[in-house]
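J.: Structure for this input, please:
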Amino acid sequence: MTALKFIFIKIPRKIFNIISERWECLYYRFYYSRPGLEINFVNKRYLVCGGEDLKGIPNNYREWFSGSVKDKIVQADMICGHIFDLLGSGPAKLSTKGEGYQTIDWHIDFKSNYSWNPKTFFRNIRFGHIEGVDIKIPWELSRSQHLNTLGQAYLLTENTKYADEFANQIRDWIKNNQVGFGVNWHCTMDVAIRAANWLVAQEYFSDKDSFPKEFWQEFYSSIYEHGRFIIKHLENRQGFTSNHYISDLAGLFFIAVYCPFFEESKSWQEFALKELSKEINKQVYPDGCNFEASTSYHRLVLELLFYSELLGNSAGIEFPEQYKDKVRKMFDFSLYCIKPNGRIPQIGDNDNGRFLILSKRPVLEHKYLLSLAAIYYKDPEFKVPTFNYDEESLWLFGKTGKEFFDALSFREKPIASKGFSDAGWYLMRDNNNYCFISCGPNGQNGIGGHAHNDKLSFELVIDGEDVIIDPGTYVYTPYPIKRNKFRSTEYHNTIIFDGYEQNEVSNKNIFYLPDRVMVKNVYLEEIVDGFTFNGKIQYSGIKHTRMVISDKESGNWEIRDNISSREPTNAKLLFHLSPDTFYSNGYIYSKKTNKKIASIIVRGHKIEKNECEYSSEYGVKIEAESLVTNIFVNKNIKTINTYINPA
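T.: Numbers count the residues shown, from 1 in each chain. Below you'll find the predicted structure:
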């Protein structure tokens with residue numbers, strides 16, 4: 001018998017990848033071109049109003065949120081008119097005028113007017129190569145988070161135009177976004193968030209026969225395709241995971257729970273639950289803070305993990321106790337982090353990222369999380385007297401949730417000062433006086449994708465007014481130079497030495513910030529009249545120790561910076577003012593009232609006023625002021641004392 005001979009040909013990796021992509025492209029083009037699957041679906045409500053009967057909700061909403069009814073209808077009407085305001089775009093109409101429903105342009109960055117070809121295979125989509133063009137714009141639109149607003153308006157008015165718009169947009173999207181092609185299949189995270197939002201939004205229409213069976217067949221066929229795509233393209237390459245992977249898992253979990261009639265749903269559910277339980281331990285520190293060095297991404301990940309747990313509860317799926325304990329700790333951090341005005345300090349990146357958007361509010365306003373936690377945990381510690389019951393709680397917990405909330409007593413003790421040592425975030429609080437100090441690692445195992453050069457930087461609130469703030473993020477890929485400016489040392493409230501960055505910033509990799517500088521000797525302690533924070537960094541032959549001292553009785557703040565250097569160096573002490581304030585002759589004033597908020601003195605040194613930019617949300621920037629004190633440091637230790645006192 002003649003022996004068989006096998007010839008092995010070594011194919012270069014680049015050629016192998018091209019061949020693989022071509023086969024995958026053909027797979028999507030032909031496999032998914034077949035007619036929709038025949039699905040024996042069942043519509044069930046899990047999350048909207050806690051699964052309660054929706055009949056009384058319109059009256060409840062009008063009673064509890066009377067001032068919001070008109071705004072809700074206006075928002076829904078704008079969506080029906082295909083007018084969207086996303087990521088700093090301003091209102092823009094994304095369809096042509098004409099009778100009947102007009103197709104939305106799902107593939108355009110309508111800020112720059114650049115469009116991606118919907119026939120391009122998703123792996124071949126390019127971005128970041130043309131200045132000013134932002135791929136996040138079509139991604140944000142196609143997350144479909146606005147569909148919840150249509151559902152809410154339908155529930156409040158019973159006007160079928162909102163139901164028609166929901167169905168038309170779903171059909172429109174499916175028709176113009178073939179699976180695996182175009183910009184809206186490039187990032188699995190966005191595929192997952194879109195699927196979850198479609199599934200939650202349909203709950204508002206599930207009590208009535210709003211749509212024919214043919215629509216639901218098309219709807220669930222597309223959801224199935226989303227699930228198949230997610231499981232095939234999970235964002236966990238080479239063991240590196242982030243909020244993207246948690247989003248993938250949350251979306252897959254939502255599909256599995258809402259659609260038990262899919263053959264793969266049980267395995268998808270088991271896989272997603274197992275991986276979410278692993279990732280929460282990996283991506284959330286023991287102190288309850290997310291590991292990406294960003295307060296905004298902390299909120300995104302909290303929503304992903306909490307809403308998944310909430311859905312599991314409604315469907316009778318038990319999450320591990322360790323998982324639930326970590327989610328609770330994430331809420332605990334938000335309780336301490338949220339400022340007296342209900343907003344958060346911008347530590348690290350802020351790209352407006354959310355999972356489910358149930359109410360339109362400023363991006364930095366996170367106080368609604370406390371209403372959710374108070375009801376879910378039935379814990380008065382989260383019911384802060386200065387914050388009201390929020391709309392999100394009605395949409396998630398219904399009338400029963402409101403009764404739970406009303407039955408809780410208010411938190412008795414003021415929110416205290418606290419250190420979150422794993423994240424390196426330290427909070428000094430005394431009623432309406434607040435200081436958040438950033439001292440943490442750059443996160444993501446030292447990759448620092450969403451970290452900034454903000455070691456020993458801080459935000460300061462005096463008597464409820466933002467005084468010293470972090471300037472924010474602005475954008476990612478459209479303007480790499482701007483991106484790096486906003487994450488630079490000079491754009492934070494610390495000291496910069498001879499122009500050195502705390503950690504190297506690269507225009508070629510705008511999602512990398514190594515952990516060269518670590519904060520040491522960190523402590524936060526209560527003293528007789530207030531609190532003291534201490535931390536130290538060292539780089540480029542320079543040692544910088546910062547002490548922040550608060551005086552409870554007077555409300556005064558002292559920032560004491562000790563600097564030593566091997567060589568003579570020029571230093572800049574930097575403070576970025578809230579855009580609602582301005583500086584003049586030693587005082588910080590409110591722009592609204594022209595009244596003094598605080599005095600500021602750098603003892604023995606002159607304060608100069610400069611212009612800077614401030615971004616409260618992704619894609620938006622406005623002019624603000626910064627204060628700069630130039631300091632020469634020789635080889636001896638130099639101490640700089642800054643005093644910021646209520647006016």
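J.: which residues in the stretch 451-600 of the chain form strands?
T.: With DSSP state E, counting those that start in this stretch as the criterion, the stretch 451-600 of the chain has strands at 457-462, 465-468, 495-497, 520-526, 530-539, 542-551, 557-565, 569-576, 581-584, 587-590, 596-602.
J.: In a markdown table, list those strands along with mean neighbour count.
T.: Quick note: C-beta positions are derived from backbone N, CA and C, even for glycine. Below are these laid out as a markdown table (neighbours: other CB atoms under 10 Å):
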| stretch | mean neighbour count |
| --- | --- |
| strand 457-462 | 24 |
| strand 465-468 | 24 |
| strand 495-497 | 21 |
| strand 520-526 | 13 |
| strand 530-539 | 19 |
| strand 542-551 | 20 |
| strand 557-565 | 20 |
| strand 569-576 | 21 |
| strand 581-584 | 16 |
| strand 587-590 | 18 |
| strand 596-602 | 19 |
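J.: Make JSON lines out of these and add distance to A92.
T.: What follows is these, written out as JSON lines (distance: least, CB to CB, whole Å):
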{"stretch": "strand 457-462", "distance to A92": "32"}
{"stretch": "strand 465-468", "distance to A92": "30"}
{"stretch": "strand 495-497", "distance to A92": "38"}
{"stretch": "strand 520-526", "distance to A92": "46"}
{"stretch": "strand 530-539", "distance to A92": "44"}
{"stretch": "strand 542-551", "distance to A92": "44"}
{"stretch": "strand 557-565", "distance to A92": "43"}
{"stretch": "strand 569-576", "distance to A92": "30"}
{"stretch": "strand 581-584", "distance to A92": "32"}
{"stretch": "strand 587-590", "distance to A92": "33"}
{"stretch": "strand 596-602", "distance to A92": "37"}
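J.: Show me the one of the ones you listed that comes nearest S112.
T.: Between S112 and the strands of the stretch 451-600 of the chain, the shortest gap by CB to CB is with strand 569-576, which sits at 28.1 Å.
J.: so what secondary structure elements neighbour the closest one?
T.: On a contact count with 3 or more CB pairs under 8 Å, 6 or more residues apart in numbering; DSSP states H and E, strand 569-576 meets strand 495-497, strand 622-633, strand 638-646.
J.: Quick one: mean pLDDT for it?
T.: For strand 569-576, the mean per-residue pLDDT is 96.
J.: What of stretch 442-453?
T.: 89.
J.: just stretch 618-630 next, same as before
T.: On average, stretch 618-630 scores 97.
J.: now do stretch 351-360
T.: Here the average pLDDT along stretch 351-360 is 97.
J.: chain center to that stretch: distance?
T.: 8 Å (CA atoms, centre = their mean, to the nearest Å).
J.: How far does it stretch from one end to the other?
T.: 16 Å (CA to CA, to the nearest Å).
J.: show me where pLDDT drops low in this protein?
T.: Applying pLDDT under 70 to the chain picks out residues 1-22, 30-37, 207-208.
J.: hmm, try it at 50
T.: 1 (pLDDT under 50).
J.: nearest spatial neighbour of the most centrally placed residue in it, skipping sequence neighbours?
T.: With distances taken as CA atoms, centre = their mean, G353 lies nearest the centre of the chain, 3.3 Å away. Leaving out its chain neighbours, the residue that sits closest to G353 by CB to CB, 6 or more residues apart in numbering is L300, at 4.1 Å.
J.: how about the helices in the stretch 101-250 of the chain?
T.: Using DSSP state H, counting those that start in this stretch, the helices found in the stretch 101-250 of the chain span residues 136-142, 147-157, 160-176, 188-201, 213-232, 243-258.
J.: what would those look like in a markdown table with mean neighbour count?
T.: Shown next, in a markdown table, are these (neighbours: other CB under 10 Å):
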| stretch | mean neighbour count |
| --- | --- |
| helix 136-142 | 24 |
| helix 147-157 | 22 |
| helix 160-176 | 18 |
| helix 188-201 | 26 |
| helix 213-232 | 19 |
| helix 243-258 | 27 |
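J.: S584 is nearest to which of these?
T.: Per CB to CB, nearest to S584 of the helices of the stretch 101-250 of the chain: helix 136-142, 38.2 Å.
J.: which helices and strands does the closest one pack with?
T.: Going by 3+ CB pairs under 8 Å, 6+ apart, helix 136-142 lies up against strand 108-109, helix 188-201.
J.: for those, which one sits closest to Q145?
T.: helix 188-201 (5.3 Å).
J.: Kindly calculate the angle that the closest one makes with helix 243-258.
T.: 30 degrees (axes from the mean of the first three to the mean of the last three CA atoms, to 10 degrees).
J.: just to revisit the earlier point, would you mind finding the most buried of the helices and strands packed on strand 569-576?
T.: Mean neighbours per residue, mean count of other CB atoms under 10 Å, is largest over the helices and strands packed on strand 569-576 for strand 495-497, with a mean of 21.
J.: and the gap between Y285 and N445?
T.: 12 Å (CB to CB, to the nearest Å).
J.: Please identify which of the two sits among more neighbours.
T.: Set Y285 next to N445 and count neighbours by other CB atoms under 10 Å: Y285 wins out with 23 against 14.
J.: Quick check, Y587 in contact with A598.
T.: Yes - if you go by CB atoms under 8 Å, Y587 and A598 touch, sitting 7.1 Å apart.
J.: shared neighbours, these two?
T.: A647 (CB atoms under 8 Å, 6 or more residues apart in numbering).
J.: follow-up on the earlier one: residues in contact with the residue nearest to G353?
T.: So L300 contacts 243, 353-355 (CB under 8 Å, 6+ apart).
J.: Which residue is the nearest non-sequential neighbour of I468?
T.: L460 is the one closest to I468 (CB to CB, 6+ apart), at 4.0 Å.
J.: next one: G443
T.: A293 (3.7 Å).
J.: Skip the chain neighbours and tell me the closest residue to P514.
T.: N503 (5.4 Å).
J.: Next, the contact list for N503, please.
T.: Per CB under 8 Å, 6+ apart, neighbours of N503: 442, 448, 453, 513-517.
J.: What distance do you get for T629 to E52?
T.: 58 Å.
J.: How about E264?
T.: Taken as CB to CB, the span from E264 to E52 is 30 Å.
J.: again, but for F319
T.: For F319 relative to E52 (CB to CB), the value is 22 Å.
J.: quick one: which of these two has more around it?
T.: F319 (18 against 15).
J.: I appreciate the help and will end here.
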